[in-house]
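Student: Provided below are the primary sequence and the corresponding predicted coordinates.
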Amino acid sequence: MISGSFNIRTYVMKPQVLLRLASWVFSIIVFGCLTSARAEFFGICPLHGDANACNYGIAIGVIAFLALMGLLFLDAVVDRLIDLEMKKRLIILDLAFTALWTLLWFIGFCYMTNKWSIVPKSNIPGGISTNVNAALAFTFFSVLTWGALVFFSFRQYRNAGNVNTDQQSYPNVGTTSQVPPTNSQPYQEPFDQQQQPPIVEEKKAEEPPPYIPPNY
């Protein structure tokens with residue numbers, strides 16, 4: 001379940017959200033430039049004719065584009081989740097995916113840069129060269145932004161673990177219990193000054209009649 005209200009200003013100013021938005025834009029530029037460069041080069045990958053290099057860059061860009069929309073939604077609800085176990089699982093999933101994609105972006109940058117470095121630039125039109133350079137540049141920027149997301153996801157995971165530990169250490173926090181004292185005195189009703197104890201009139205013992213001697 002989700003509790004609390006959603007504040008759009010607080011959400012947008014979160015570092016993770018800003019990094020995800022930047023990474024989302026970078027992914028569009030990467031797969032858009034590679035797709036455009038291949039289309040302008042008559043369907044041939046300009047990265048030394050290696051179709052795998054272009055397909056790799058386009059694939060990780062498209063998947064990152066789709067995944068980031070889900071992660072942006074996750075950032076909007078994860079802090080308001082009541083179920084701590086579900087919250088921790090979602091944070092672990094976010095951390096694992098972010099770390100994996102950081103590695104894939106780094107591999108893609110090295111792979112595509114290596115292929116582009118051996119291409120004779122004189123045979124590549126200016127528009128295609130610009131698209132390839134832009135794709136490589138924003139692939140490198142994606143490595144940086146996704147690496148920063150790993151840091152924030154790991155910090156969020158640690159904070160969630162600390163909250164869970166604190167609640168296990170103090171399970172009765174927020175609950176009240178009435179425990180009678182060990183050395184309790186018997187209950188006494190409050191004394192009401194207006195209530196006077198009943199007056200008990202002692203009956204005086206009847207004195208025997210005086211003794212009258214008989215007349216003989």
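Tutor: Yes, it's here.
Student: from here on, just use CA atoms for contacts and neighbour counts.
Tutor: Noted.
Student: just the strands in this structure please.
Tutor: Along the chain, counting by DSSP state E, no stretch forms strands.
Student: now do the helices in it.
Tutor: Using DSSP state H, the helices of the chain run over 8-12, 15-40, 51-77, 84-117, 126-169.
Student: in CSV: the ones you listed, plus mean pLDDT.
Tutor: CSV is the format used below for these (pLDDT from 0 to 100):
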stretch, mean pLDDT
helix 8-12, 87
helix 15-40, 96
helix 51-77, 95
helix 84-117, 94
helix 126-169, 85
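Student: how about the ones you listed in TSV, adding mean neighbour count?
Tutor: As requested, those are exported to TSV (neighbours: other Cα atoms under 10 Å):
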stretch	mean neighbour count
helix 8-12	11
helix 15-40	20
helix 51-77	17
helix 84-117	17
helix 126-169	18
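Student: shouldn't residue 38 be in contact with residue 45?
Tutor: Yes: at 5.0 Å, residue 38 and residue 45 qualify as touching, with contact defined as Cα atoms under 8 Å.
Student: quick check: neighbours shared by those two?
Tutor: residue 54 (Cα atoms under 8 Å, 6 or more residues apart in numbering).
Student: check the gap between the residue positioned nearest the centre of the chain and residue 18 for me.
Tutor: For the chain, the residue nearest the mean C-alpha position is residue 78 (3.9 Å; Cα atoms, centre = their mean). Distance, residue 78 to residue 18, using Cα to Cα, to the nearest Å: 16 Å.
Student: wait, residue 115 touches residue 48, no?
Tutor: Yes: at 5.8 Å, residue 115 counts as touching residue 48 under the criterion of Cα under 8 Å.
Student: how about the residue nearest to the centre of the chain, what does it touch?
Tutor: Residue 78 neighbours (Cα under 8 Å, 6+ apart): 87, 90.
Student: look at it and report its pLDDT.
Tutor: In this model, residue 78 is scored at 83, pLDDT.
Student: how close does it get to residue 99?
Tutor: Applying Cα to Cα to residue 78 and residue 99 gives a distance of 19 Å.
Student: try residue 76
Tutor: Taken as Cα to Cα, the span from residue 76 to residue 99 is 20 Å.
Student: show me the contacts for residue 154.
Tutor: residue 95.
Student: and residue 87, by the same measure?
Tutor: 78-79, 81, 160.
Student: out of those residues, the closest to residue 65 would be?
Tutor: Among the contacts of residue 87, residue 78 lies closest to residue 65 (Cα to Cα), at 20.1 Å.
Student: check whether residue 47 really touches residue 121, as I assumed.
Tutor: No: between residue 47 and residue 121 there is no contact under Cα under 8 Å: 10.6 Å.
Student: count the neighbours of residue 83 for me.
Tutor: 11 (other Cα atoms under 10 Å).
Student: check it and give its pLDDT.
Tutor: At residue 83, pLDDT is 80.
Student: measure it to residue 152 for me?
Tutor: 21 Å.
Student: how about stretch 72-88 as CSV, C-alpha atoms only?
Tutor: Extracted as CSV, the C-alpha positions of stretch 72-88 are listed here (Å, rounded to 0.1, in the frame of the first residue of the first chain):
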residue,chain,number,x,y,z
LEU,A,72,10.8,7.1,-12.8
PHE,A,73,7.4,5.8,-11.7
LEU,A,74,9.2,3.7,-9.1
ASP,A,75,10.9,6.8,-7.7
ALA,A,76,7.4,8.4,-7.3
VAL,A,77,6.0,5.6,-5.1
VAL,A,78,8.9,3.8,-3.4
ASP,A,79,9.3,6.4,-0.6
ARG,A,80,5.6,6.1,0.2
LEU,A,81,5.4,2.4,0.4
ILE,A,82,4.2,1.0,3.7
ASP,A,83,5.4,-2.6,3.2
LEU,A,84,9.1,-2.4,4.0
GLU,A,85,9.9,-5.8,2.5
MET,A,86,8.4,-4.8,-0.8
LYS,A,87,10.2,-1.5,-0.7
LYS,A,88,13.5,-3.2,-0.1
